[in-house]
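Enquirer: Only the shape, not the letters, is given here:
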């Protein structure tokens, strides 16, 4: 199985529904009708003083008091599924509108919706960007790592969709808080206010998935790095960019909520010119090797029974080159996870793709 050159993770949270059809007696947690209690710390109300000190929005101005009063019928829709946030990383506010948006006002509040005594003024082009724009590397949205397998992704096709990246410091604890948001245009027409509440996930959360796992097989199209080649005679065919010689994927999930992931890969690159001439896939005689390791944290959503992985460091084990991401880089978000008959199953239900692991 070939490893992708680029992981496509311009994901919004993938809509997840409960799995069905598995015998619950064989399901060791995280699937079927299993419903776990939330980690108690995730139910804590985060104090207003913490919200004021540990949350920021790049490009925004912080103003004292309350936002200006709504004065128009400008409409916008807030994505109500965006209710998860992650320690040391943050979350995204996703919305869409047909209006010519100039910015947004955002006021934080505690879990009882008592607001802080200030608000963010976020000019749209300083932070909120078209959600499907691949050129913008919002840290909670995408990962640009090479040599990683992909469970697929969901891109927003709506040109009127926007995302605002909200940052947390390392001191932001797990727990609950809310925010109020309204948008405005260049003529200072201000929309009505929409409120939303957030749960900051604790790291870890499901003991049955803890362990050292090795990739065994996939169901669905795990790899999609394919090109269309037009032959000299005018016919065409599809070919993979590289031919896999060998591949190993390790995933170690620790009970502390941290994880390590390693890929070892040997492959031959496609010889495009030879493939055009021969009208079949021709690969280079020599092969290339890669060996990369990733370090981060994982969080389990008890309500949706889904897994999110966020990277904080990666190392090229062949060259020693190291990259550190202090604010985190999203890898998998909202992936259905369960252990069935001793196998770890990562399931992107929307894309119809599963990655299945055995104990290492």
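Expert: Alright, I've got the coordinates. If you're wondering where the values come from, they're calculated on a predicted model, not measured in any experiment.
Enquirer: Please count neighbours and contacts with C-alpha atoms only from this point.
Expert: Will do.
Enquirer: quick one: the helices in this structure?
Expert: Per DSSP state H, the chain carries helices over the ranges 48-54, 272-278.
Enquirer: out of those, deepest packed?
Expert: Among the helices of the chain, helix 272-278 has the highest mean neighbour count (mean count of other Cα atoms under 10 Å), at a mean of 16.
Enquirer: what's in contact with that one?
Expert: Residues from elsewhere that reach helix 272-278 (Cα atoms under 8 Å, 6 or more residues apart in numbering): 229-232, 281-282.
Enquirer: By neighbour count, sort out the buried ones in these.
Expert: Neighbour-count burial (16 or more other Cα atoms under 10 Å) applied to these gives 229-231, 281-282.
Enquirer: And the residues you listed, which two are furthest apart?
Expert: 230 and 282 (13.4 Å; Cα to Cα).
Enquirer: re the thing from before, most widely separated two among the contacts of helix 272-278?
Expert: 232 and 282 (14.5 Å).
Enquirer: Please report the distance of residue 211 from residue 341.
Expert: 15 Å (Cα to Cα, to the nearest Å).
Enquirer: do residue 267 as well
Expert: For residue 267, the distance to residue 341 - Cα to Cα - is 32 Å.
Enquirer: repeat for residue 232
Expert: Distance, residue 232 to residue 341, using Cα to Cα: 51 Å.
Enquirer: One more: residue 189?
Expert: 57 Å.
Enquirer: Of these two, which one has the most company?
Expert: Under the neighbour definition other Cα atoms under 10 Å, residue 189 and residue 341 were set side by side, and residue 189 has more, 16 against 12.
Enquirer: ok, for that one, nearest residue in space, not its chain neighbours?
Expert: Leaving aside its chain neighbours, residue 189 sits nearest to residue 72 (5.6 Å; criterion: Cα to Cα, 6 or more residues apart in numbering).
Enquirer: now residue 55
Expert: Of all residues not flanking residue 55 in the chain, residue 168 sits nearest, at 4.8 Å (Cα to Cα, 6+ apart).
Enquirer: Just the pLDDT at the one you found, thanks.
Expert: Looking at residue 168, its pLDDT stands at 95.
Enquirer: low pLDDT regions in the protein?
Expert: 1-37, 125-160, 221-224 (pLDDT under 70).
Enquirer: give me phi/psi at the residue of it most remote from its centre?
Expert: Residue farthest from the centre of the chain, counting by Cα atoms, centre = their mean, is residue 233 at 43.1 Å. Main-chain torsions, residue 233, degrees, to the nearest 10: phi -90, psi 0.
Enquirer: quick one: it and residue 226, what's the gap?
Expert: For residue 233, the distance to residue 226 (Cα to Cα) stands at 21 Å.
Enquirer: now do residue 235
Expert: Here residue 235 is placed at a distance of 17 Å from residue 226 (Cα to Cα).
Enquirer: Having no further points to raise, I will conclude here.
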